[in-house]
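> A structural model of the following input is requested.
(one chain, ligands or ions: 1)
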Amino acid sequence: MSTIAERLLKVRSRIAQAEAAAGRTPGSVRLIAVSKRMPSGCIREAYACGQRDFGENYVQELRLKAEELKDLPELRLHLIGHLQTNKVRSIVGSVSMIQSLDSVRLVEELAKRVQLPAVDPRRIWVCSGATTPANAPAVGLGKPSALPVLVEVGVAGEAQKSGCKSEELAEILAAVDAVPSLCACGLMTVPPFTDDPDSARPHFEGLRALRDAHGGAARLPELSMGMTLDLEPAILAGATIVRVGTALFGERTTPGVK
Ligand SMILES: *Cc1c(COP(=O)(O)O)cnc(C)c1O
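Below you'll find the model as predicted:
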């Protein structure tokens, strides 16, 4: 069994190789360590190795870990699982980014609950293209203290269980733009599960094309796509964020805290 430190090195080197193969700038792809259904101790261990961004699927579990890990000043927790409107109240204040925004109704609920500043400045996600938090407008694209959100799109259509439809994207983005405490930084997708890394490629390319049709990288710099199995094709298609769980923490054997 290798340690989390060793696995982190391996995943970071996979990312670096994929960046090079795609002709991308080194460091242009950031890693979200998906810690769902893993104990807080795993996050602590990865944090000690310099990892700062972690992905959680369930609101209760994210809140619990935020509490257990509040002594880690630069920890950023990302919600990557479906958010129900009745859970919005519980997540605000613990989360650095919501990657699973999928409806106008959710935007309306967040607008009611998120106060400025939405995130502790030490825990703020600096959007791709910015080098420091002072380097506006890429920090939350001109809304520096707003909560960064990604709109999750089900680019594969019917086969996908999560995300909005491509046709709904414009309306959701317009709704976010109208809320001072929220900032739309990009798009996220979770393609239908298969064990063939190449099967997701058209969906990754689809997400990128959708982004290009809605203002391009200047408006939506982040593309969150690619997991343990398929981070290479995702990076080739333009991912700026990959979400990796199994390759870092091993198989998940315990249920989540829902
Ligand atoms: C679990 C999960 C991941 C990580 O998947 P692995 O295959 O374990 O790397 C990434 N994104 C989302 C939305 C997930 O639910």
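> quick one, what contacts Asn86?
Counting by CB atoms under 8 Å, 6 or more residues apart in numbering, Asn86 makes contact with nothing. Backbone N, C-alpha and C define where each C-beta goes, glycine included.
> distance of it from Leu106?
Per CB to CB, to the nearest Å, Asn86 is found 11 Å from Leu106.
> and for Arg30?
Taking CB to CB, one finds Arg30 at 24 Å from Leu106.
> and those two? Which one has more around it.
Shown here are Arg30 and Leu106; by other CB atoms under 10 Å, Leu106 has more neighbours (23 against 17).
> what sits against that one?
Counting by CB under 8 Å, 6+ apart, Leu106 has contacts Leu83, Thr85, Val88.
> rerun that using 10 Å as the cut-off
Leu106 makes contacts with 82-85, 88, 98, 100, 149, 151, 164, 172, 175-176, as judged by CB atoms under 10 Å, 6 or more residues apart in numbering.
> kindly report the same for Tyr47.
Residues counted as contacts of Tyr47 (CB under 10 Å, 6+ apart) are Ile4, Ala33, Phe54, Leu69, Leu72, Glu74, Leu75.
> any idea which element it lies in?
Here Tyr47 is covered by helix 40-48, with elements defined by DSSP states H and E.
> does the ligand sit close to that helix?
No - judged by CB under 6 Å from any ligand atom, helix 40-48 makes no contact with the ligand; its nearest approach is 12.7 Å.
> for the helix or strand following that helix, list the C-alpha coordinates in CSV.
Following helix 40-48 in sequence order, the next helix or strand is strand 53-56 (DSSP H and E). Provided in CSV are the C-alpha atoms of strand 53-56 (Å, rounded to 0.1, in the frame of the first residue of the first chain):
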residue,chain,number,x,y,z
ASP,A,53,-8.7,21.7,-2.6
PHE,A,54,-11.0,18.9,-1.6
GLY,A,55,-14.3,17.8,-3.1
GLU,A,56,-17.3,16.5,-1.2
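> let me know whether Lys258 touches Tyr58 as I believe.
Yes - using CB atoms under 10 Å, Lys258 is in contact with Tyr58, at 4.9 Å.
> returning to what we had before: and the contacts of Tyr47, which are buried?
Burial by neighbour count, 16 or more other CB atoms under 10 Å: within those this picks out Ile4, Ala33, Phe54, Leu69, Leu72, Leu75.
> neighbours of the residue in the stretch 51-200 of the chain positioned nearest to the ligand, how many?
Closest to the ligand within the stretch 51-200 of the chain is Ile80: 4.1 Å, counting by CB to the nearest ligand atom. Residues lying near Ile80 (other CB under 10 Å) number 27.
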